[in-house]
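Trainee: okay, sequence plus prediction incoming.
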Amino acid sequence: MSTQKIYQPVKQRFPKRPIKEIAKLIALFPPSLSSCSNFFNFKQSPNLETHLAVVLDLLKSKEFAEAENILNAVVVTDVYSMTVVVDGLCKMGEVCEARKLMDEMASKRVKPSDYTYNILLQEYIKIHDFVAVKEILREMEKDGFDLNLTSYTLLIKGYSTFGDLVEVERLFKEIEKKGIEPNVHLCTSMISGYSKLGNVMKAFSTFVKMVERGLTPDGHTYGALINSFCKAGLMQGAEVLLNEMQGKGISIDRVIFNTMMDGYCKQGNVDEALRLQTIMEGERHQPNANAYNIIVMGMRKLELYDEAKRLLLSMVDRGVAPDTISYTTLIDIYCKQGNFVEAKRALIEMETKEIKPNTTTYTTLVDGYCKLGKIVDAKRILRVMETEGVKPNTTTNSVCAMIDVTYTALIHGYCMVRNLAKAEKVLIEMEPKGVKLNMVTYPALIDGCCKVGNIAKAIKILIEMENKGFKPNAITCNALKMVIVRKNYKRAKIQLTPSSPVTEETKPRRELDSVTGKTCQQCQPSEIASFLGENHVDHKVMGKMFDMLFRVYVDSMRFKEALEVFEYMKNGGFEIDDRSCMVYLLAMKRRKQYDSLVEFFEMMVESDVRITVYSMTMVIDGLCKVGEVSKARKLMDEMVSKGVKPNVYTYNTLLDACMKMPDFVALKEILLAMEKEGLDLDVTGYTLLIDGYCNIGNLKEVERLFREIEGKGIEPDVHLYTSMISGCSKLGNVKKAFSVFDEMVERGLIPNAHTYGALINCLCKAGQMQAAEVLLNEMQSKGIDIGPVIFNTMMDGYCKQGNIDEAWRLQKIMEGKGYESDVYVYNIIATGLCKLDRCEEAKTWLFSMVDRGVAPNEVAHTTLISIYSKEGNFVEAKRTLREMEAKGVKPNTATYNTLIDGYCKKGMMKEAYKLKNVMECKGLKPDLYTYTSLVHGECISGKVDDALKLFNEMPREGLVPNVVTYTAMISGLSKEGRSDEAFRLYDEMIEAGLTPDASAYSALVGSLHG
């Protein structure tokens, strides 16, 4: 319909009305071209307002050409008309024209409104032109406009889509600072952005904060969060959200169902996807082609080809038109089954229905033909592709880099049938088309060369591959090695680079080989010297030969022979290279033979070998490892006097040792020495200090150090943040741990297994097992290895909650990953069973350890002794103690305390004191728990004065009574009617900062009524 037709006057059907009223009526009409033409039925000359009403209707109807014709006739006079025209131009893709109009009107003093600016922002964000976005923001600031909620929502949505979460969070902080209240759309945009980047924790955290603000999530919000959960493989969480939507009466649309089905299919759970499809149909949402494609691809992944075909073919019967993806999947299934007749038929049917095959469709066929060696057919499909104007699987990105799977498939096919000439021809065809060789093409060519025995060509390609930055994998190298061995080459080792000329460095090896005709490892030092002397080999070259032989012996772990060579060189006046000595020191360090490490260093010093800061630091590290920190410091001082200056790494080694002891006096001395030397702490040094202070619970010092780091402009790394999270975990400060984690991620640092482990430990300690499971699944989805320590932490968390079944479930998953259950796993579950008074099961569980080849440790034996003691079976308890000692497992204080406590509760005080004496004879000092058990036992036996004697002895032994000790004593005194003494202890308890429990109150009340 042309503009002329719209403006053509028609017979008046309505009475004459004011123009403004007519315009309002038009705006209320449903968007259609006929409703716009109704304006002209009123036989009024259209003014600006009515023109714009017509334009708006046309834009709603997507009649852009008609709208443009009218817009051209409109004379813009105010901000409203300008905004409508700007909106119209933007909707037609004419953003530059819209911008030009706005600038033109500004020169005529018609200033844009915030709504005008938002329209332009939206369009520039859509096309990812963030340079233009920044220009618009500057103009808004210049015009005195503050960003409103709509502006922020647009920006956050744009940056989220672009993956710039740093900018998203900056904008969100800016919103909060300005006091602007975020709405549902803004929060949904943020959740959607986090989902795209796979950050489940952030997405869920935003959702929770949104609800806390009193905002009601809508279908889009739930959809974004469900998408995030599904991407991370957290299908159980996604189901909870789906049920929540249903419970709140929020409509679940087709997109959410498809997202859920895709999530299940990616986990290989097609049955759940089919269940959701049935529910979807029950909700009156007809599954579309996308829904079918999702399930079919899930079936294909599980190699359920027949089921996938049946489902695809049933689409048409159910009134759903298959699309390109549907047909491509069907063709792929036929190719995998070798049924190329049906594959070709599907391709023809596709074209008949005017469904255009894409690159993937054609490549699927080419790949199928090539794998069966049907190169002629593959070549024919390639020609069809080119005729149809479809590039053979070439993906062109912003830098026009092209990678082609189709050509690789052809090359691979020709190489499989040993037709190297044809493969090379394809290679020549690729270059003019801008298609480059990739990590798949090179190995295919090398494989082809190996098949025809052209080793020289294969090695040449291998060198080219390396020069282009592609690293050959083990399969490629092994293929070459095997061919070379079969060809009876002298050396099976492949030389990937051309042979280097004879230099001063390579001459000794060649001299040695030519003179002796033997390998270095078969010669004694004296034998080599004899050979070399007879052949008049230069003394300097001879020294290098011995140096080389020394290294060979060390590499072969023949350390005795290496030391013989060292002695020979020392006595013969040969120069000993300090770098070769470093090889020996490194070998000792790797083998944890620290005594040998120190001994060899002393030999180096005696032999006047050049001592470097690296060799000195290695020995200092060795001494620190065996607890000889004072010796390490003495050695450093000695080396400093000889001109060897310690570096930051040397000091870090000493700092680490001092923090582990901990020895804060020595620590301060080392820090002062560093300051004197003009050395600043680096990020490793700060990490060691933070880790140490976290271990002793001094978070105040940790935060001071962190502020110091930031003040110095040092960029914290993952290890430092992990140490802080670990410290927060030890103190049970979950909020702080997550705050540190969030800050770390905001800085662009990627959490590793240790980071997640520290955070999971923190959550488990706080009993937040559901959140810990979320982190565990997040690790899995990100491909981060979940080690036994994390599994043990999770199992311990569940056991502390009394949820043994979950702990057993995790044990099975852990063993399924190839990790054997160790003694710690058995101890965790046994302790959990004991907590639930399932002592018989705990005993059976602990006995099963030995059957599975796991040796019980002191904790396992102590748990068993505890069970027997609770049962009053002291015969078995003592037998277990003897058995433990016989196996070389030393009982610790906790072991003796368990048995002492058992005796005390049964009033067997003689046996309890006897065991206390045994404990002391073995060098174990009674602790708070030993005394508390004895005090309690004496009170039960009615010997309150003896209990008081023990109670008063505790401070002299450096022990501070706890709530249990005080309660036992108060209870004992109360029973004897000694209420004054009981109340005195109660007051003392309060002064000590302890909170009395119900037992203490009951005892005191009882003493008053006695």
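Mentor: Yep, it's here. Numbers count the residues shown, from 1 in each chain.
Trainee: low pLDDT regions in the stretch 901-1010 of the chain?
Mentor: Applying pLDDT under 70 to the stretch 901-1010 of the chain flags the ranges 1006-1010.
Trainee: then the stretch 301-450 of the chain?
Mentor: 317, 371-373, 375-376, 391-408, 416-417, 429-440.
Trainee: can you pull out the helices in it?
Mentor: Remark: helices assigned in the stretch 301-450 of the chain by DSSP state H, counting those that start in this stretch are 305-317, 324-336, 340-352, 359-371, 375-387, 405-416, 420-430, 441-451.
Trainee: got JSON lines for these, with mean neighbour count and distance to L672 too?
Mentor: C-beta: built from backbone N, CA, C; applies to glycine. Listed next are the helices of the stretch 301-450 of the chain as JSON lines, based on neighbours: other Cβ atoms under 10 Å; distance: least, Cβ to Cβ, whole Å:
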{"stretch": "helix 305-317", "mean neighbour count": "16", "distance to L672": "72"}
{"stretch": "helix 324-336", "mean neighbour count": "22", "distance to L672": "69"}
{"stretch": "helix 340-352", "mean neighbour count": "15", "distance to L672": "78"}
{"stretch": "helix 359-371", "mean neighbour count": "23", "distance to L672": "67"}
{"stretch": "helix 375-387", "mean neighbour count": "16", "distance to L672": "74"}
{"stretch": "helix 405-416", "mean neighbour count": "25", "distance to L672": "63"}
{"stretch": "helix 420-430", "mean neighbour count": "16", "distance to L672": "66"}
{"stretch": "helix 441-451", "mean neighbour count": "22", "distance to L672": "58"}
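Trainee: E883: which of these is closest?
Mentor: The stretch from those with the least distance to E883 (Cβ to Cβ) is helix 305-317; that distance is 58.3 Å.
Trainee: and the closest residue in space to D785 that isn't next to it in sequence, what's its pLDDT?
Mentor: Excluding the flanking residues, the one nearest D785 by Cβ to Cβ, 6 or more residues apart in numbering is A753, at 5.8 Å. Per-residue pLDDT puts A753 at 89.
Trainee: go on, K451?
Mentor: 69.
Trainee: swap in T161?
Mentor: For T161, the pLDDT comes out at 70.
Trainee: number of nearby residues for the residue nearest to D785?
Mentor: Around A753 there are 15 other residues, counting by other Cβ atoms under 10 Å.
Trainee: what of the one 4 residues further on?
Mentor: If you count neighbours by other Cβ under 10 Å, G757 ends up with 23.
Trainee: who does the helix or strand encompassing it touch, helix- and strand-wise?
Mentor: Secondary structure from DSSP states H and E places G757 in helix 753-765. Identification of packing neighbours for helix 753-765 by 3 or more Cβ pairs under 8 Å, 6 or more residues apart in numbering; DSSP states H and E yields helix 718-730, helix 734-746, helix 769-781, helix 788-800.
Trainee: how far away from the center of its chain is that helix?
Mentor: 13 Å (Cα atoms, centre = their mean, to the nearest Å).
Trainee: same question, stretch 933-947
Mentor: Using Cα atoms, centre = their mean, the offset of stretch 933-947 from its chain centre is 55 Å.
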